[in-house]
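Asker: Can you look at this prediction? I've put the sequence above it.
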Amino acid sequence: MKTSGIIVFLLTVSFFSAQNIKIQIADLPKDRVEGYNQSFFDLVDALKKSDKNQASRLISDQLKADHSDLLIQNLSGGISFERKMKMHQTGTIEIDGVMYPAVQYKYEADSSVSPTDIITVVFQNDGKIKKIIPYYSK
């Protein structure tokens, strides 16, 4: 339950109209994508363990400033830890007039071209997570 509270918090603070997310598909440099993947999966591991300190190190200062404790507490509500995730596509997203790298993840069991459940993770250039934007089918 504690883990689900952490995930719901991150999702609550970083959530913004996931249905209207416009990711511009682009091939990001392989080394950067590997770093982004590592950061995201490290965050998932930290959330599974309810390790607030580790989770806090992986998210941006802006995200931490936006009610860090509540963010980490609530993030667990949307990500299923029992289901394996894999990268779906990479690209960029514009937030407040600035372009940020983004990686979209889907659950491995979803073999469709357009996944029904998708998690878009927006990164700062330093690899820290700026936003997590989930979209789950109803």
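Answerer: Thanks, I have the structure now.

Asker: what about this protein, any weak spots by pLDDT?
Answerer: Low-confidence segments of the chain (pLDDT under 70): 1-21, 66-79, 138.

Asker: Could you verify that Arg57 is part of a helix?
Answerer: Yes: using DSSP: H, G, I helix; E, B strand; the rest coil, the assignment for Arg57 is a helix.

Asker: from the middle of its chain, how far away would the longest helix anywhere in the chain be?
Answerer: The helix that spans the most residues within the chain, counting by DSSP state H, is helix 30-48. Relative to the centre of its chain, helix 30-48 is centred 9 Å away, using CA atoms, centre = their mean, to the nearest Å.

Asker: just stretch 85-105 next, same as before
Answerer: 9 Å.

Asker: could we number from 31 for the rest of this?
Answerer: Happy to do that; since the first residue is 31 now, the last one works out to stretch 115-135.

Asker: And it, what's buried?
Answerer: Neighbour counts over stretch 115-135 (16 or more other CB atoms under 10 Å) mark 115, 118-123, 130-135 as buried. C-betas here are computed from N, CA, C, even on glycine.
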